[in-house]
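Asks: Let me see the structure of the following:
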Amino acid sequence: MKRNIFWTILFLLTGGCTNEMIETSHHTLHIKGNEIGYFNSHSHSRLSETNETLPTRSNITFYSQGGIHADELLFTYNGTAWEGDTDLKWEDAQQQAITMSYYPPLYRSHQSFYQEGSLCDQLYASSTTTYGNDINLSFRHLFARIIFNVSSQLNSLIDQIEFIPSLSVINITPETGEISCQQSDTPILMKKDDGGAYVFLIPPATLSIAIRIHTTTGEVHETQLNEYTFASGHEYTCPIKQSGESPGISTVEDFIAFTHLINGESYEGRSLEEFGEKTGETMTYYLLNDLTFTAEESAQIQMIGMYGTSSTSQKRLFNDVFDGQGHSLNDLQYTNPTSGYYYSGLFSGISADATIKNLIINQAVYNNPDDTNKSSFLAGINKGKIENCIIRNCQIEQIDKKNEFGSISSRNEGNIINCHIGNINLKIATNYGNGITRYNYGGKIMNCAVSNCNFSKVQLGGGLICNRTRDGEIQNCYITGSASSTSRCNAISLVAEESNIIRCCFYPQAYTKAPVGTNYTSSPSDSLMKYGSQQSITEETLPQVLNQWVLGSGSQLHPDLSFCLWKKGESLPAILVSP
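Replies: Okay, the predicted model is just below:
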C-alpha cells in the first residue's frame with residue numbers, strides 16, 4: 001500500500017552454537033531473473049506504467065554468504081541468465097546461500113551515491129537459496145521516493161524550489177544492504193515543474209525535509225516537512241499549499257484519505273479539515289479537480305458510511321455537504337465487498353441533513369455479483385438532497401439478479417433534483433431495470449433527465465425514472481433514447497403504489513409502453529406526454545416547456561429548492577444549465 005504523508009505543508013507568504021563446514025561435491029548453478037519491482041504504492045510507480053526489466057548486457061555486483069562465498073563479483077545479463085568470469089559453485093550443501101545483488105554495480109569502494117545533489121536510484125535483489133537450486137533475482141528499490149504535489153496557485157509563483165533532507169547516504173554494506181547516513185544540509189535544487197510534481201529519492205530513515213521556495217519576484221520563503229519515518233522501496237506523497245488557500249480534495253490520494261477519515265478512521269496523520277470548511281454547523285467538503293482512478297486506486301476507496309437494512313445493523317450516514325464543484329470522478333470501479341446487507345455506493349447512505357451536489361461520476365464500472373442487493377453508483381440510500389449531479393457513460397457489468405440497483409440511488413426518501421443519467425449500460429440479465437432509483441419511497445425526483453440508457457437485458461420490467469414509487473413525487477423530468485434499448489421498461493415507473501404526484505413528464509413518441517405501469521391511472525392534469533415531430537411538444541420546444549414548470553409550478557410549490565433551467569443540447573433535446 002502506498003504510504004502517504006497526510007499533513008499539508010502550509011507555505012506562509014509572511015515569512016551460540018556453530019556448525020562445521022561440510023565439504024560437498026561442487027555443483028554449478030545459474031543466476032536468473034531481471035524483473036524490477038515497483039515502488040510500493042497502491043497505484044504502482046508514478047514514473048512507470050508497465051513492468052520493468054533490466055536490459056540485456058546490464059551489469060550487477062554479486063555478494064554471497066553461507067553455502068556460496070562470493071565477494072564483489074561482476075555479472076552481465078545475456079538475455080536469459082547472469083554470467084561472469086567466475087562460475088558459482090556450492091561449497092557447503094548444509095547451508096543456504098544468502099545473496100545480495102546490486103544494479104547499478106555497488107562496490108565496497110563506492111565514494112558517492114549522489115549525482116548533482118540528488119540521490120541515485122539503487123536496485124538490489126536479496127535471495128536465500130538452498131543447495132541444488134538456481135538463484136532467482138527480483139530487483140527492488142533500496143531507497144524511498146517522495147513526491148511533493150504543489151498546488152497550482154502556489155506553483156504559479158515558483159521560479160525554483162530547494163529540498164534539503166536532514167540525512168544523506170554515506171555507505172551501504174554490500175552483504176546486507178544496510179544503509180549508513182549522516183546529518184546533511186545539501187539542497188536538491190529543482191526548476192519549476194508546470195505540473196507541480198517534484199520527485200526525488202531519500203534514505204529509508206527517520207528524517208525531516210526543509211523546503212525553500214524561490215518566487216518569480218525574487219522572494220524566498222521557507223517551510224519544512226517534520227520528521228517522518230520512510231521505508232525502503234516505498235513511495236510517499238505530500239501536498240504543499242499556501243496559507244489561506246481553499247481547502248479541498250485535489251488528488252486521488254486526497255480522495256482515498258477522505259473516504260477513510262469521514263468514516264472515523266485515522267489515516268497516517270491527515271485530517272478532514274484539509275478537505276473542507278465549516279460554516280455555522282455545516283461542514284462542506286470540496287472536490288477541486290477532476291480525478292481519474294486506476295483499479296488499484298479504486299480498491300483503496302472506502303465506501304462512505306455503512307447503512308444496514310436489519311434492525312441490528314449499523315445506520316451510519318454521511319451527514320455533511322459534499323460539493324463536487326462541477327468536477328468528475330472518472331473510471332471508478334465498484335468491486336470492494338460491502339458486507340452483504342448494506343446499502344452500497346460511493347456513499348452507503350445520505351442523511352436527511354446532508355447534500356451531495358455538483359458532482360459527476362464518469363465511466364464507472366459496477367462489478368460486484370455476490371454482494372448487496374441494494375446498490376448504486378452514487379448513494380445506496382438517500383434521505384437528504386442530491387442535486388446537480390451527473391452519472392454518465394457507466395456500465396453495470398455484474399450484479400445479483402435480484403439487485404435493486406439505481407444509478408443515483410437504490411432507495412430515495414429525499415430529494416433528487418437537477419440530475420442527469422446518460423449512457424448507462426446494463427450488461428447482465430437481471431430482473432428489473434431502474435434508471436435514477438429503484439424505489440422512490442416518499443421522495444421527490446424533479447427536474448431530471450434520463451438519456452440513451454440500455455436496459456434491454458431486463459427480464460421482468462422496470463422504469464427509466466424508478467422501478468417503484470410509493471407516496472412519492474416525480475415532476476418535470478424527460479426521457480430520451482432508443483425505444484429498443486428500453487422496451488422492457490416503462491418510461492417513468494413500473495409500479496406506482498399508494499398516492500403519488502407524477503406530473504409534467506415527457507417521453508419520446510416511439511415509446512409504446514405506458515409511462516407508468518401497475519396501479520396507476522393517469523389523468524389529463526398529470527401532463528404525462530409524448531414529444532416528437534408528430535406531437536404538440538417537439539424536441540425543439542421541449543426546453544421551453546420544461547422551463548415553464550421551473551419558473552411556474554416548481555418555484556411556487558417548492559420555494560426551498562433551487563431548480564436549474566434547460567437549454568437545447570448539441571445531441572440531446574434538453575440539457576440542464578449549471579447554476
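
Asks: rest of the way, CA atoms for contacts and neighbours
Replies: Will do.

Asks: so residue 266 makes contact with residue 259?
Replies: No: assessed by CA atoms under 8 Å, residue 266 is found out of contact with residue 259, at 10.6 Å.

Asks: So for the two, which residue has more residues nearby?
Replies: Each of residue 266 and residue 259 has its neighbours counted (other CA atoms under 10 Å); residue 259 has more, 21 against 13.

Asks: Would you mind listing the residues in contact with that one?
Replies: 301-304 (CA atoms under 8 Å, 6 or more residues apart in numbering).

Asks: name the element it belongs to?
Replies: With elements taken from DSSP states H and E, the one containing residue 259 is helix 252-261.

Asks: next helix or strand past that helix?
Replies: Next along the chain after helix 252-261, with elements defined by DSSP H and E, is strand 276-279.

Asks: Are there helices or strands packed against the helix or strand following that next one, and which ones?
Replies: Proceeding N to C from strand 276-279, the next assigned helix or strand is strand 282-286, under DSSP H and E. With contacts taken as 3 or more CA pairs under 8 Å, 6 or more residues apart in numbering; DSSP states H and E, strand 282-286 sits against strand 276-279, strand 321-323.

Asks: Could I get the CA-only coordinates of strand 282-286 as CSV?
Replies: The C-alpha coordinates for strand 282-286 follow below in CSV (Å, rounded to 0.1, in the frame of the first residue of the first chain):
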residue,chain,number,x,y,z
THR,A,282,-22.5,22.9,8.3
MET,A,283,-19.3,21.2,7.2
THR,A,284,-18.7,21.3,3.4
TYR,A,285,-16.1,19.2,1.6
TYR,A,286,-14.9,20.3,-1.8
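
Asks: Tell me what angle it forms with helix 252-261.
Replies: 150 degrees (axes from the mean of the first three to the mean of the last three CA atoms, to 10 degrees).

Asks: Buried residues of strand 282-286, list them for me.
Replies: Across strand 282-286, burial judged by 16 or more other CA atoms under 10 Å covers 283-286.

Asks: Could you pull out the helices in the stretch 101-250 of the chain for me?
Replies: 152-155 (DSSP state H, counting those that start in this stretch).

Asks: What average pLDDT does stretch 368-380 get?
Replies: In this model, stretch 368-380 carries a mean pLDDT of 82.

Asks: looking at the helices and strands packed on strand 282-286, which one has the lowest mean pLDDT?
Replies: Ranked on mean pLDDT, the bottom entry among the helices and strands packed on strand 282-286 is strand 276-279, at a mean of 88.

Asks: what are the pairing partners of it, and which direction each?
Replies: Neighbouring strands of strand 276-279 in its sheet, by DSSP bridges, are strand 282-286 (antiparallel).

Asks: what's the offset of the strand it pairs with from the middle of its chain?
Replies: Strand 282-286 has its C-alpha centroid displaced from the chain centroid by 20 Å (CA atoms, centre = their mean, to the nearest Å).

Asks: So which other helices or strands are in contact with whichever helix or strand comes after it?
Replies: Using DSSP H and E, the helix or strand that directly follows strand 282-286 along the chain is strand 291-292. Helices and strands touching strand 291-292, by 3+ CA pairs under 8 Å, 6+ apart, are strand 328-330.

Asks: Show me how far whichever helix or strand comes after the strand it packs on is from its chain's centre.
Replies: With elements assigned by DSSP H and E, the helix or strand that comes after strand 328-330 is strand 333-334. Computed by CA atoms, centre = their mean, the chain-centroid distance of strand 333-334 equals 9 Å.

Asks: what does strand 333-334 contact?
Replies: Strand 333-334 is contacted from outside by 295, 298-299, 345, 364-368, using CA under 8 Å, 6+ apart.

Asks: Give the pairing partners of it; include direction for each.
Replies: By DSSP bridges, strand 333-334 pairs with strand 365-367 (parallel).

Asks: so which of the contacts of strand 333-334 comes closest to residue 220?
Replies: Nearest to residue 220, judged by CA to CA, of those is residue 298 at 39.1 Å.

Asks: Can I take it that that closest one is in a helix?
Replies: Yes: with DSSP: H, G, I helix; E, B strand; the rest coil as the criterion, residue 298 is assigned to a helix.

Asks: And stretch 246-259, how far out from the chain middle?
Replies: 10 Å.

Asks: and residue 449, what does it touch?
Replies: 419-421, 477-479, 575.

Asks: Understood, closing this out.
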